[in-house]
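> everything below, folded, please.
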Amino acid sequence: MLTINVICIGKLKEDYLRLAVAEYTKRLSAFCKLNVIELSEYKLPNDPSDTQIAKCILAEGESILQKAKGAILPLCIEGKQLGSEEFSAKIDEIALSGISEISFVIGGSYGLSDKVKSMGSFKLSMSKMTFPHQLARVMLLEQIYRAFQISNNGKYHK
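A predicted model of the protein is given here:
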């Protein structure tokens, strides 16, 4: 069974987001082993300098790289946008290549380090729009669930 890791910076603060993650975790249990790995946010002052932000991105990147395994797919603005069918095909392609683990990476408020991005076997962009990284987690889980439904000819994707 394929293992999917969703590596995220920070914990979900809103109940409605935690409930959505729990629902998709339950649904995905039929298709994969899912691990949602929440890493601590780097503490910054209210008005951080560029140097402090750069240090934050590097520190968060190092903690991400300690947890990322298998095919690493960072979510970043410069990544490729895929439709749901293409995303499903990408997951299938990785699984069929013999890789048994996929690590999706969602950075913190200031994004991902270049090191994390360069370790990625494929960079993914959810949209040209900007979303809160906490909402991106729910959106990613929904799309992973949709991808498995597409691959298995389920009725969810219309």
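> list the contacts of residue 32.
By Cβ atoms under 8 Å, 6 or more residues apart in numbering, residue 32 lies in contact with 1, 2, 3, 4, 144, 148. To be clear about C-beta, it is placed using only N, CA and C from the backbone, and glycine gets the same treatment.
> let's have the residues you listed in a markdown table, adding distance to residue 30 and pLDDT.
A markdown table is the format used below for the contacts of residue 32 (distance: Cβ to Cβ, whole Å; pLDDT from 0 to 100):
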| residue | distance to residue 30 | pLDDT |
| --- | --- | --- |
| 1 | 10 | 90 |
| 2 | 12 | 96 |
| 3 | 14 | 98 |
| 4 | 13 | 98 |
| 144 | 12 | 98 |
| 148 | 8 | 97 |
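> out of the residues you listed, which comes closest to residue 79?
Ranked by distance to residue 79 (Cβ to Cβ), these are led by residue 144 at 15.5 Å.
> contacting residues for that closest one?
Neighbours of residue 144 in contact, by Cβ under 8 Å, 6+ apart: 4, 6, 24, 28, 32, 91, 104.
> so who does residue 44 touch?
By Cβ under 8 Å, 6+ apart, the contact set of residue 44 is 52, 53, 56.
> buried ones among the residues you listed?
Restricting these to buried positions leaves residue 56, with burial counted as 16 or more other Cβ atoms under 10 Å.
> rewinding a little: out of the contacts of residue 144, who's nearest residue 153?
Of the contacts of residue 144, the one sitting nearest to residue 153 (Cβ to Cβ) turns out to be residue 91, at 14.9 Å.
> the longest strand anywhere in the chain packs against which elements?
In the chain, taking DSSP state E as the definition, the longest strand is strand 71-81. Strand 71-81 sits against strand 101-106, helix 114-119, strand 124-125, with contacts defined as 3 or more Cβ pairs under 8 Å, 6 or more residues apart in numbering; DSSP states H and E.
> pretty sure residue 134 sits in a strand.
No. Counting by DSSP: H, G, I helix; E, B strand; the rest coil, residue 134 is not part of a strand but helix.
> and the gap between the nearest residue to residue 28 once chain neighbours are set aside and residue 75?
Of all residues not flanking residue 28 in the chain, residue 34 sits nearest, at 4.8 Å (Cβ to Cβ, 6 or more residues apart in numbering). Distance of residue 34 to residue 75, computed by Cβ to Cβ, to the nearest Å: 16 Å.
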